[in-house]
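Engineer: Attaching a predicted model along with its sequence, questions to come.
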Amino acid sequence: MSGMTAATVQPYADQPYEDLGLQRDEYEQICDLLGRLPSDAELAMYAVMWSEHCSYKSSKVHLRRFAELPASDVLLAGIGENAGVVQVAPGLAVTFKVESHNHPSFVEPHEGAATGVGGIVRDILAMGARPVAVMDSLRFGDAEALDTRRVLPGVVAGVGGYGNCLGLPNIGGEVGFDPSYLGNPLVNALCLGVLPVERLHLASATGTGNAVVLLGSLTGRDGIGGVSVLASAAFDSGPDGTGGPSKRPSVQVGDPFTEKILIECCLELYDRGLVAGIQDLGGAGLACGLSETAAKGGAGMRIALDEVPLREPSMIPLEILTSESQERMLAIVAPADVAAALAVAARWGVLATVIGEVTDTGRLVVDWHGEVVVDVPPGSLADDGPVYSRPVHPPADREALEADDPSSLPRPATGAELRDALLQLIASPNLCSRRWVTDQYDRYVLGNTVLAQPEDAGVIRLEEDSGLGVALALDGNGRYARLDPYAGAQLALAESYRNVSVTGARPLAVTNCLNVGSPEDPAGMWQFAELTRGLADGCWELGLPVTGGNVSFYNSTGEVPINPTPVIGVLGVLQDVRRRTPMGFRAPGDAVYLLGETGDDFGGSEWAWVTHRHLGGRPPKVDLAAERRLAEMSAAAAADGMFTAAHDVSDGGVGVTLVECALRYGVGVRVTLPGEPFQALFSESVARAVVAVSPDHAAAVDALCRQHGVPAIRLGTTGGEDVVIQGAFSVPLAELRAAHEGTLPRIFG
Amino acid sequence: MIMPGRIGVVTFPGSLDDGDATRAVRLAGGEPVPLWHAEPDLRGVDAVILPGGFSYGDYLRCGAIASFAPILRPIVAGAREGLAVLGICNGFQILCEAHLLPGALIRNAGRRFTCLDQPLTIDNARTAWTSAYEEGQRIVVPLKNGEGCYLADERTLDELVADGRVVARYAANVGQPNPNGSARDIAGICNELGNVVGLMPHPEHAVETLTGPGDDGLGFFRSVLGALV
């Protein structure tokens, strides 16, 4: 029996709240709230809705910083919606968001990663937008580790398999390796969508008598407890290192074909004005979709759960309400439009079922075989969850880590040593060519991809006539954030901002996914608090709104957390994508400049890691004012068509940047580096870029640099078949290419 | 007055490159006409493109369900009478499943989906879809598929080669295998009349230098429009 009467006579202590992931005091709060004991179905709904994943109960007090940023006149929808929406031209808006699917991707790499893409695409669809591109930020254990060979190929095939089948170009992202991710890889997926401003949809249920329509897949037993059991708890450090087979049923299974027709169906419903509100069903399934839309609309709902089409007829209410079966949306449709909406769904072969209606009772009431199994205020599920101000304390090793400065590490000095170091860096797993991964993704579909991997940012054309487009980058460095999370968040923001701006785009808005360890560990909570503080302060200084984001806690194996990893997405606008600046040297004879200042920044650097497995000291010094000057200059230069190439300097330093510029189109370069060669080649100082300029523009570049206050040094000239560092060494492009492109195929086949 | 050629682009549930094929027809100077899988009506078009994607989820076998779609009935009948039909990627798979072209496309030799800027050699410039090229011409267009390995029995392969029905071949670098293990490096073939062409690479993604590896793919669409005049 699962009915209300049955539940109320159950003995207090027998309700399995702990198995569902609820604390004792949370359970008592539910009882107080209802004035009685919850039914089985209600208890399951509270358990998923009050989980860390859905309620943001540990992060809420910190995320307020983002809402306190100065108002932005381009922001049409922000934090709290399915995704942030920014206006990019009169009548035209884009929406973008990044979300984690870390734990499912470790338990079942292919399906975990695939459904991560599916989920973020539905978030974008729910805003009324057509999804137009995806990106992903991935982190794995050491590349050579055995388990990485299990996880990485599955994750890449899952991201590719799902996105490719949806017809969404994958335009970039990142892949990183560090031992801290071995038992807890990171899969953060981003989607970009486009919509006419007037079609902006918010997830709310209004209009008494409106129908509640379930669209898409059958509801099955997959993914039950995904948000509570899987996403809101750390993995055990079992001997097999897989988190244990018991968690596998909590991973959802994806069907991209169903999602593709669901997308087309929803877009036609929007075009024809047939939906009053829409919400995607992802984490916490119907429990979330029903309670959030009802709460947001300030309405009530009466749901006939018997109407939900099931994959397994023996499912009981709590399973139906918390199932995370993929490829489902919840639409609110006016009674007069129901027949037309169902006809659109039928045309696309999408299952569509009226499962209830909007009421004015202010209660979410769910019937099952003539019995009321749920009767709660929807806001109590969606908004009234517990909020914790958890204790924060820096990690115990903080001071020791900072004192372990890289300045004592032996540095290469001779030409031959510097040459070896460069070859070692460009072949290292974190800096080598990503082609093994990105060649598994379709970057061409839809025909609007102007730049994709390995470029600094992905660039998508929005309007064929005007050339209006957007640039997107996704960056984060867990090592920097491990040394100093406040600076780490700003360094990630700065890199993403720089990657967007070197293409010539004007940065407009920020999204983020903050991946950390347990919030119940004061050190993890401190890292999270510092990440939010750093990001909020950084966005303030750069004048950018945070449009939304995602928090991923419990990224730990046993007691050991991952390096705190802020993944920051920056979106910029290009008035004409034909004016974008690509990264590669195109022709011989162009003058090559280094913009920005180089200091001795080796804390957390790729050089220290690759050559000494060293992590310590201070991360590079942040200078957001310099980033802003560089961005403004890059936009001006692109608008004038001044640069033939521009490439951001980051991990690995100028040496790596020069090699990447040269290998892109097979055009070599001869440079004279200023100052001490080791520092000039490998320091990771911020706010820098390498640019190439055709000879007739050289004088104009000097003037532009002075005008924007950006230091510039003429390094040399493009051309030849080698990268030549005068006075130190030279390497043929063929040798560089073999080193750069050989690593991932050698490891992963 | 010469009307621009009307080229139908079929949308199946799961089609992905129908928008790109539509744009390619438009940029080549034709008039694209949307065709719907469930309606057996060619709307008076002069030629038909079956675009890339995963029709009906590619359940069962790639292109197998689509080959029974209502729209295929007039296409198959028309093709036997000389209607120009181009099947790209999933469209090629559908043409094989519908027995308008011989052979089959199976999982890539590397077992992975691959997206590459692929050099091709045009072997037959006499088909409805390749007359704008020179025989032996080398072009670069994107290749992106998981099941692009062309396979047929040896006798069929010998006949295709002998009859000049290999339309395009993968031009691999010396000593390198072709990207998906296709027999005889076959990237595309045609029927005996030369009006039906199946092509695994994607010329519709190479129609603008801004978004493609170049605009080498435009020739396929210009060819059929030229043939229609």
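Structural biologist: Yep, that arrived.
Engineer: going forward, measure contacts and count neighbours with C-alpha atoms only.
Structural biologist: Fine.
Engineer: where's the closest residue to residue A:196 other than its chain neighbours relative to residue A:470, distance?
Structural biologist: Using C-alpha to C-alpha, 6 or more residues apart in numbering or on different chains and skipping the chain neighbours, the partner closest in space to residue A:196 is residue A:92 (4.8 Å). Distance, residue A:92 to residue A:470, by C-alpha to C-alpha, to the nearest Å: 12 Å.
Engineer: So for the two, which residue has more residues nearby?
Structural biologist: Neighbour tally, residue A:92 and residue A:470, criterion other C-alpha atoms under 10 Å in any protein chain shown: the higher count belongs to residue A:470, 27 against 15.
Engineer: In contact with the more buried one, which residues?
Structural biologist: By C-alpha atoms under 8 Å, 6 or more residues apart in numbering or on different chains, residue A:470 lies in contact with A:459, A:460, A:461, A:462, A:505, A:571, A:572, A:573, A:574, A:577.
Engineer: give me the subset of those residues touching chain B.
Structural biologist: Under the cut-off given by C-alpha under 8 Å from any C-alpha of the partner chain, chain B has nothing from these close to it.
Engineer: By neighbours, which of those residues wins?
Structural biologist: Busiest of these [other C-alpha under 10 Å] is residue A:505, holding 34 neighbours.
Engineer: Okay, now the unreliable bits of the stretch 201-350 of chain A?
Structural biologist: Applying pLDDT under 70 to the stretch 201-350 of chain A picks out residues A:226-250.
Engineer: Let's see that with 50 instead.
Structural biologist: A:237-245 (pLDDT under 50).
Engineer: Return the residues of it in contact with chain B.
Structural biologist: A:256, A:257, A:258, A:260, A:261, A:348.
Engineer: Turn the residues you listed into a markdown table, columns for distance to residue A:601, neighbour count and secondary structure.
Structural biologist: Listed next are these as a markdown table, based on distance: C-alpha to C-alpha, whole Å; neighbours: other C-alpha atoms under 10 Å in any protein chain shown; DSSP: H, G, I helix; E, B strand; the rest coil:
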| residue | distance to residue A:601 | neighbour count | secondary structure |
| --- | --- | --- | --- |
| A:256 | 45 | 25 | helix |
| A:257 | 48 | 22 | helix |
| A:258 | 49 | 24 | helix |
| A:260 | 47 | 25 | helix |
| A:261 | 50 | 25 | helix |
| A:348 | 56 | 20 | helix |
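Engineer: separation between residue B:59 and residue A:309?
Structural biologist: In terms of C-alpha to C-alpha, residue B:59 sits 22 Å off from residue A:309.
Engineer: wait, I meant residue B:213
Structural biologist: 46 Å.
Engineer: May I ask you to confirm that residue A:648 is in contact with residue A:503?
Structural biologist: No - look at residue A:648 against residue A:503 with C-alpha atoms under 8 Å: they stay out of range, at 9.5 Å.
Engineer: Show me the common contact partners of these two, please.
Structural biologist: residue A:456.
Engineer: Looking at these two, which one has more neighbours?
Structural biologist: residue A:503 (34 against 29).
Engineer: still on that earlier bit, look up the residues forming beta bridges with the residue nearest to residue A:196.
Structural biologist: On the basis of DSSP bridges, residue A:92 is bridged to residue A:89, residue A:196.
Engineer: Tell me the spacing between it and residue A:686.
Structural biologist: In terms of C-alpha to C-alpha, residue A:92 sits 34 Å off from residue A:686.
Engineer: same thing with residue A:409?
Structural biologist: From residue A:409 to residue A:686 the distance is 21 Å (C-alpha to C-alpha).
Engineer: just residue A:520 next, same as before
Structural biologist: Taken as C-alpha to C-alpha, the span from residue A:520 to residue A:686 is 34 Å.
Engineer: Have a look at those two and say which one is more surrounded.
Structural biologist: residue A:686 (27 against 14).
Engineer: helices and strands around the helix or strand bottoming out on mean pLDDT in chain B, which ones?
Structural biologist: Across the helices and strands of chain B, mean confidence by mean pLDDT, DSSP states H and E is lowest for helix B:218-228: a mean of 93. Applying 3 or more C-alpha pairs under 8 Å, 6 or more residues apart in numbering or on different chains; DSSP states H and E, one finds that helix B:218-228 contacts helix B:18-27.
Engineer: Tell me who's in contact with residue A:715.
Structural biologist: A:591, A:592, A:593, A:594, A:671, A:672, A:673, A:674.
Engineer: switch the cut-off to 10 Å
Structural biologist: A:591-595, A:669-674, A:690-692, A:725 (C-alpha atoms under 10 Å, 6 or more residues apart in numbering or on different chains).
Engineer: Could you do residue A:350 as well?
Structural biologist: Contacts of residue A:350 (C-alpha under 10 Å, 6+ apart): A:215-217, A:258-259, A:261-266, A:328, A:342-344.
Engineer: so it sits in a strand?
Structural biologist: No - read with DSSP: H, G, I helix; E, B strand; the rest coil, residue A:350 is coil and lies in no strand.
Engineer: now it: how far from residue A:215?
Structural biologist: 7 Å.
Engineer: ditto for residue A:544
Structural biologist: Residue A:544 is 36 Å from residue A:215, by C-alpha to C-alpha.
Engineer: So which of these two has more stuff around it?
Structural biologist: Per other C-alpha under 10 Å, whichever of residue A:544 and residue A:215 has more neighbours is residue A:215, with 23 against 20.
Engineer: Please identify which helix or strand holds that one.
Structural biologist: strand A:211-216 (DSSP states H and E).
Engineer: Using CSV, write out every CA atom in that strand.
Structural biologist: C-alpha atoms of strand A:211-216 as CSV (Å, rounded to 0.1, in the frame of the first residue of the first chain):
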residue,chain,number,x,y,z
ALA,A,211,-3.3,20.8,-19.3
VAL,A,212,-0.1,19.2,-18.0
VAL,A,213,1.3,17.3,-20.9
LEU,A,214,4.2,14.7,-20.7
LEU,A,215,6.2,14.6,-23.9
GLY,A,216,8.8,12.0,-24.9
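Engineer: Remind me what it packs against, helices and strands.
Structural biologist: If you count contacts as 3 or more C-alpha pairs under 10 Å, 6 or more residues apart in numbering or on different chains; DSSP states H and E, strand A:211-216 packs onto helix A:256-271, strand A:277-281, strand A:300-304, strand A:328-333, helix A:338-348, strand A:352-359.
Engineer: Who does residue A:366 form a beta bridge with?
Structural biologist: residue A:303, residue A:374.
Engineer: quick one, phi psi at residue A:591?
Structural biologist: Main-chain torsions, residue A:591, degrees, to the nearest 10: phi -80, psi 140.
Engineer: Can you read off the pLDDT for it?
Structural biologist: We have a pLDDT of 97 for residue A:591.
Engineer: Please apply the same query to residue A:534.
Structural biologist: 98.
Engineer: in chain A, which ranges drop under the pLDDT threshold?
Structural biologist: Scanning chain A for pLDDT under 50 picks out the ranges A:1-3, A:5-9, A:11, A:237-245.
Engineer: hmm, back to that, shared neighbours, residue A:350 and residue A:215?
Structural biologist: With C-alpha under 10 Å, 6+ apart as the test, residue A:350 and residue A:215 both reach A:262, A:265, A:266, A:328, A:342.
Engineer: Nice, that's everything, thank you.
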